[in-house]
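Visitor: Quick check, what structure comes out for this input:
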Amino acid sequence: MRARYAATLEKEREILAIGSVAVVGEERVALAQLTEQREVISRFHADLENFRARLSQLVGEKAYDIKAKLLKEQSLLELHERAIVSARDDAKRVVGEIAIDSLRGVEQTFESIVLRGDVGIVDVAWALKEQKTHQISKRVNEQRKELAVLDAEFKGIAEE
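Guide: Okay, the predicted model is just below:
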């Protein structure tokens, strides 16, 4: 579209150049001013094209810089994500170790309670055994005394 505009503008200049030969006086001054203004507009268009080209170049460079920064940030983000996953795994391992230690402590406490319970049962059984042994010893002693009395009563008969 710009190329078409530039071609049309050039054709108009050629036509005006041909027409300027036939023009005289004030018309010639107006035509000269018109030609001068068209040249100014043409320079503006050239400057505008240069500006657009430079702007496109700068935008491209900025976009490249921003893309590079974005890629760098993405790689840092991935690095941080891996660090978080690693930290979570470490935390799970530590929590697992703490849980195992806690369970060992509970196990030891439970064994201690059971052992004390067993000791209590043994103490009670021992006390009952002692009581029964004492009763048996008491009866044996009573039987010895009775045998001694019987032996003393029947000593005479046994000697005869």
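Visitor: alpha carbons only for contacts and neighbour counts from here, please
Guide: OK.
Visitor: okay, which residue is most central for the protein?
Guide: residue 84 (4.0 Å; C-alpha atoms, centre = their mean).
Visitor: list the contacts for residue 122?
Guide: Under the criterion of C-alpha atoms under 8 Å, 6 or more residues apart in numbering, residue 122 has no neighbours.
Visitor: May I ask you to name the longest helix in this protein?
Guide: Assignment by DSSP state H gives helix 26-153 as the longest helix of the chain.
Visitor: Let me see the mean pLDDT of that one.
Guide: For helix 26-153, the mean pLDDT works out to 90.
Visitor: Burial check on residue 51, number of neighbours?
Guide: 12 (other C-alpha atoms under 10 Å).
Visitor: So what's the gap between the longest helix of the chain and the chain middle?
Guide: 8 Å (C-alpha atoms, centre = their mean, to the nearest Å).
Visitor: Tell me which helix or strand comes right after that helix.
Guide: With elements assigned by DSSP states H and E, the helix or strand that comes after helix 26-153 is helix 155-159.
Visitor: helices or strands next to that next one in the packing?
Guide: Applying 3 or more C-alpha pairs under 8 Å, 6 or more residues apart in numbering; DSSP states H and E, we find helix 155-159 packed against no helix or strand.
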